[in-house]
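Participant: got a structure for you, letters missing:
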C-alpha cells in the first residue's frame, strides 16, 4: 500500500502569543524568502507551501512554522488533485524561492483558494463497545466505601506487641555490620614529587 501524501497550506494563522512582524521576519529568514514572497504568504488566502509530501516531511514543516510562530494546515494530497477552479486560473503563478537563498526545503507557493478543510477530516472507524450487560448501578446516595458486602481481611496480629511510649531508640533498628579488614598496602609508598 502506498504511503499517503499530504499538502501543507499556510493561511496566515499565528500562535496566540506571536508577534506578526517577528513571524514574518522568521519565516523570511528560515526559508530564504524575499519581501514579495512573504507578502504573498500573509495575503489573506491559503497558500500551498508544499505539495505531495510524506507525513514526516509534513510534520517537519509544521514544526518549522510553529517555531517561527505560525500555524499550517496539513491536507491529504489526493484532495488537491482536482482541476483548479476558474478563479485559480487567473491567480498569480506560483512563486519559488530564489536558488541559493537558504531554501533547503525546496517548496513553492501554489495558487490560493485550493482544497477544502473537509478533505482534512480523518475517517472515523467505530470501535465495538465491550459487553457491560453484567454491570448494574448502585442507588443514588449509596456510599460504596462502607459497603458491608466486602469481607474484612483476616490478618493474624497475635505475635505483635506495642512498646510503651518514649521507650526504645532508633539504634535498636540499626543493623550490626562486621568490620571489614583493610587490604595489604605495605607495597605502596608516597613520593615527594
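Facilitator: Looks like it came in fine. Only a predicted model underlies this, so the values are computations on that prediction, with no experimental measurement involved.
Participant: in this structure, which spans are helices?
Facilitator: Counting by DSSP state H, the chain forms helices over residues 20-31, 35-41, 55-68, 86-89, given from the N-terminal end onward.
Participant: just checking, what packs against the longest one?
Facilitator: Same thing as helix 55-68. Under the contact definition 3 or more Cβ pairs under 8 Å, 6 or more residues apart in numbering; DSSP states H and E, helix 55-68 sits against strand 6-14, helix 20-31, strand 47-53, strand 70-76. For glycine as for every other residue, the C-beta is placed from the backbone atoms N, C-alpha and C.
Participant: tell me what the third one is packed against?
Facilitator: Helices and strands touching strand 47-53, as assessed by 3+ Cβ pairs under 8 Å, 6+ apart, comprise strand 6-14, helix 35-41, helix 55-68, strand 108-109.
Participant: for the third one, buried residues please.
Facilitator: Of the residues in helix 55-68, those buried by neighbour count under the rule 16 or more other Cβ atoms under 10 Å are 57-58, 61-62, 64-65, 68.
Participant: kindly report the same for stretch 163-174.
Facilitator: Buried, per 16+ other Cβ under 10 Å, within stretch 163-174: nothing.
Participant: quick one: mean pLDDT for that stretch?
Facilitator: Rounded to a whole number, the mean pLDDT of stretch 163-174 is 77.
Participant: any low-confidence regions in the protein?
Facilitator: Under the criterion pLDDT under 70, the flagged ranges of the chain are 1, 78-121, 146-150.
Participant: of the helices and strands packed on strand 47-53, which is nearest residue 169?
Facilitator: Of all the helices and strands packed on strand 47-53, the one in closest proximity to residue 169, counting by Cβ to Cβ, is helix 55-68 (60.1 Å).
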